[in-house]
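*Asks:* Fold the stuff below for me.
(2 chains)
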Amino acid sequence: MREMVVIDNGSVEFPEKLRNIPEPPKQLYCMGDISLLHRKSVGVVGARKFTVYGKNVAIMIGRRLAESGIPVVSGFAIGIDGFSHEGALEADGMTIGVLGFGMDMMKYQRNYDLMRKCLDSGGLIVSEYPPEMHASKITFPKRNRIISGLSEMLVVVEAGLNSGSLITAKCAADQGRTVYAVPGNINSSTSIGTNLLIRDGAVPMVVIDDLIRDIGAEAANTKNDEMKLDADEARVFESVSTRSGATSEEIISDTGLSASLVSSLITVMEIKGIVESYAGRIYPGRR
Amino acid sequence: MYSRIKSAVCMGIEGRGVCVETDIGRGLPGIGMVGLPSTMVMESRERIKSAIINSGFDFPKGKITVNLTPASFRKNSSCLDLPIAIGILSSGGSIGEVSEGWGLIGELSLDGRVLGVEAALPMMLYLKDSDLCGIIVPEGNAAEAALAGGNIHIVKDLKECVDLLCHDPQEVNDKCRLERIYTVLEKDCAGNNNEMSASDYGDIVGQEKAKRAVTIAVAGRHGLLMVGSPGCGKTMIAGRVAGIMPAMTEQERLETAIVRSVAGRSNESINSIKRPFRDPHHSIGRAGLIGGGSYPVPGEITLAHNGVLFLDEICEFNTEVIESLRQPLEEKKITHFRRGEAYTFPCNFQVLMAANPCPCGYFGDRDKECTCTQADIDRYRRKLSGPIMDRIDMKISMEKVEYDDLTGERNGLTSEEMRRQVIGAIEFAKQQGRETYNSELSEKEMSSFCALGKEENTFMSKAYHSFKMSPRSYSRALKVARTIADLDESETIKIKHLAEALNYRFQE
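*Replies:* Numbers count the residues shown, from 1 in each chain, chains lettered A, B, ... in the order given. Alright, predicted model coming up:
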């Protein structure tokens, strides 16, 4: 395990932006590269329960921010939080994870692998709690103010009505940070929270590069891979992209291809990353 | 006086010979019984006495000693009533000496009728194989008598049995014997004929992927798991599987009939023996599933022998119960040990499982919102992993069909077509020198039968990484791909076969 440093509220290393929030933490226990604390960064949060849409968006945001050299701040929870970290790590970016428990508890977490990867790739993990502190009902909502406090702006990717991400959004608003929310279908229970945020004044996050421009950084050039599809694959892809999540049966009836052919085409396209399957449905991939 | 009558009892699913020795000597009247009789056999003393007297015979006076040889194992069957009664009559001189060529089984009622017994078929087969010239069984076991073949006679009551025994077994008119069996059978089966017409896959609309998966599963005897929200047709798919399996061989029919006979479902004619379909409820216990009891009886896995075992709501089953399936799935038989005896039951079946995607059942459903938390779902899914799932080669997700599809034209696969494909694949595999089902291929067989070309290898290595597969899931995919290639009658496994097989892998 890496060495842990404690940064006091009064020290120069303590980030100014965090000192100015209501109820600032008294100290930060840090592991990893503490210079990240002073970088301009973006918080990406969301609910534990996710849809493919939320997962893909979180990964895309994480990856895009990382490509432009902006650290991603999140909470290492299962679901959207984890995916935003994952996206950033996929693009060899740096991430800051804010824990809702002491550092010693890390190894008992489901996302322990991800935490290690984060440290290995030069990221940072912080917590306001002493190492032996257990997670509890109070610690998670409280750490949310640090996630927003360390970020210049906050993106809520997917949130239901009672999601903790809404607490983070509230903290961010109280701290004067810009809150972005990813719009979703108005009848989806996993997007009600974000849609309500938009109604209440959050910025709808429609183009990812807006974040990068708003923070004052230069958006890296996008790598545009041409997708090479043969005729049958193109028909399958068309069916997948016109429906929001297509079942194999729907693709079979849309394309008129045989069940066996559709099954094998989907696998090939999955390997190429053109489509993705989740909970029995096929979605367009995030490439 | 002394007499010897041959009979048999059933241990597990095997008949075992028992010789009933009777001796009447001087002493206080009564029947003493030795040779490890169970309570059931001890009680027969009362039945026998009444039956003999009510049939109009004299009950011998004196001390009657009955010995059941061999004395080494416990006899637990009411089928010894008839041989004991005949032994007593013969020893007492009421009837003449009984030829050694007869074998008898049957339970007695107080009025002298001979009642049908459970597990008659294995006993008859045993007696038939032990070179007896004639076998007498109750009328109630006519169906099994017809199936067992050999010189088997059915009798209605003790009197008829005695009449028959006066003859030498060889002298009895064969035509009369068979006529008697078939008259009884026809009478019994008359009520049984309103059987439901077999359901067909053609009735299921818009589940072409599921049908394709079932075809592959049956052709290679791969375990199949269906995941889908309630009402999407998992049970309909499973219920029709037996209909697309190849026709039963004579041996398989006999095995199935034996299992049925032991399970006490004997009153069915030979024609009604089909591949069994068993779908135990998820509250079933371990003994119910794999068999058990102090005198072991077959469980659901044995009742599904040569047929289909369908475990609906697999996540609701007790984990321990499901885990007990591991060994029988591998070995195709289950052995129970009781009182120093080993009871082995066969259980070679096609396994199908169904599960909801989450506790509420609507995760991923288009119309209905799932109300479970992520933690609920994770906990539920954890049941879908572990050692038992390693025996399941294929997984598909299913979804409700739309109303338009439901009312639309029906031109999907029918059972007949699917069955033709299955038989074709099995025949093709045989031509290639593979006798076992593909799911049972050993590592060594796989390296020769599932060898991949260069391109196919590259494809698989790509898939291995992008799907984060394990060596085990890799070999499962390879076996399924082999079956798909068989269905395609292709000697080598091609990329399209691999790709389709990978579509049935376990994911998230």
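
*Asks:* What helices and strands are in contact with the host helix or strand of B:G87?
*Replies:* Element membership of B:G87, judged by DSSP states H and E, is helix B:81-92. Under the contact criterion of 3 or more CB pairs under 8 Å, 6 or more residues apart in numbering or on different chains; DSSP states H and E, helix B:81-92 touches strand B:2-11, strand B:14-25, helix B:44-54, strand B:63-69, strand B:102-104, strand B:107-108, helix B:158-165. For glycine as for every other residue, the C-beta is placed from the backbone atoms N, C-alpha and C.

*Asks:* CA-only coordinates of it in PDB, if you can.
*Replies:* Provided in PDB are the C-alpha atoms of helix B:81-92 (Å, rounded to 0.1, in the frame of the first residue of the first chain):
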ATOM      1  CA  ASP B  81     -47.900 -61.900   0.300                       C
ATOM      2  CA  LEU B  82     -48.700 -64.200  -2.600                       C
ATOM      3  CA  PRO B  83     -45.700 -66.400  -2.500                       C
ATOM      4  CA  ILE B  84     -46.000 -66.800   1.200                       C
ATOM      5  CA  ALA B  85     -49.700 -67.700   1.000                       C
ATOM      6  CA  ILE B  86     -49.000 -70.300  -1.800                       C
ATOM      7  CA  GLY B  87     -46.100 -71.600   0.300                       C
ATOM      8  CA  ILE B  88     -48.400 -72.100   3.300                       C
ATOM      9  CA  LEU B  89     -51.000 -73.800   1.200                       C
ATOM     10  CA  SER B  90     -48.500 -76.100  -0.400                       C
ATOM     11  CA  SER B  91     -46.800 -77.000   2.900                       C
ATOM     12  CA  GLY B  92     -50.200 -77.600   4.500                       C
END
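
*Asks:* Get me the contact residues on the stretch 151-287 of chain A for chain B.
*Replies:* A:189, A:245, A:247-249, A:252-253, A:258-268, A:270-271, A:273, A:277-281 (CB under 8 Å from any CB of the partner chain).

*Asks:* Are any of those buried, and if so which?
*Replies:* Applying a neighbour-count criterion of 16 or more other CB atoms under 10 Å in any protein chain shown, the buried members of these are A:189, A:245, A:247-249, A:252-253, A:259-268, A:270-271, A:277-281.

*Asks:* For the stretch 151-300 of chain B, which residues are neighbours of chain A?
*Replies:* So the stretch 151-300 of chain B meets chain A at B:G206, B:Q207, B:E208, B:K209, B:K211, B:R212, B:V227, B:G228 (CB under 8 Å from any CB).

*Asks:* Tell me the most packed of the residues you listed, by neighbour count.
*Replies:* Ranked by the number of neighbours (other CB atoms under 10 Å in any protein chain shown), these place B:Q207 first, at 30 neighbours.

*Asks:* Just list the residues touching residue 156, thanks.
*Replies:* Assuming you mean chain A. A:45-46, A:165-166, A:168-169, A:179-182, A:193-194, A:197, A:202 (CB atoms under 8 Å, 6 or more residues apart in numbering or on different chains).

*Asks:* nope, chain B
*Replies:* B:R113, B:V114, B:E139.

*Asks:* next one: A:V6
*Replies:* Contacts of A:V6 by CB under 8 Å, 6+ apart are A:Q27, A:L28, A:Y29, A:C30.

*Asks:* so how far is A:E3 from the last one?
*Replies:* With distances defined as CB to CB, to the nearest Å, the gap from A:C30 to A:E3 amounts to 10 Å.

*Asks:* which of those two has more neighbours?
*Replies:* A:C30 (22 against 7).

*Asks:* what about that one, distance to chain B?
*Replies:* To chain B, A:C30 is 29 Å away according to CB to the nearest CB, to the nearest Å.

*Asks:* C-alpha coordinates for the one helix or strand that residue maps to, PDB please?
*Replies:* Assigned by DSSP H and E, A:C30 belongs to strand A:27-32. The C-alpha trace of strand A:27-32 is given here as PDB (Å, rounded to 0.1, in the frame of the first residue of the first chain):
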ATOM      1  CA  GLN A  27      -8.100  17.700   7.300                       C
ATOM      2  CA  LEU A  28      -7.700  15.500   4.200                       C
ATOM      3  CA  TYR A  29      -6.200  12.000   4.300                       C
ATOM      4  CA  CYS A  30      -4.600  11.600   0.900                       C
ATOM      5  CA  MET A  31      -3.000   8.800  -1.000                       C
ATOM      6  CA  GLY A  32      -1.400   9.400  -4.400                       C
END
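
*Asks:* ranges for the helices of the stretch 51-200 of chain A?
*Replies:* A:52-67, A:80-90, A:112-120, A:139-150, A:165-174, A:192-199 (DSSP state H, counting those that start in this stretch).

*Asks:* which of the ones you listed is buried the deepest?
*Replies:* helix A:80-90 (a mean of 27; mean count of other CB atoms under 10 Å in any protein chain shown).

*Asks:* Can you get me the centre-to-centre distance for that one and its chain?
*Replies:* Once both centres are worked out by CA atoms, centre = their mean, to the nearest Å, helix A:80-90 turns out to sit 5 Å from its chain's centre.

*Asks:* can you check stretch A:13-27 too?
*Replies:* Using CA atoms, centre = their mean, the offset of stretch A:13-27 from its chain centre is 23 Å.

*Asks:* which of the residues in that stretch are buried?
*Replies:* A:F14, A:P15, A:K17, A:L18, A:I21, A:P24, A:P25, A:Q27.

*Asks:* related to what we said a few turns ago, between the contacts of A:V156, which is nearest chain B?
*Replies:* Checking these against chain B by CB to the nearest CB gives A:G46 as the nearest, at 11.5 Å.
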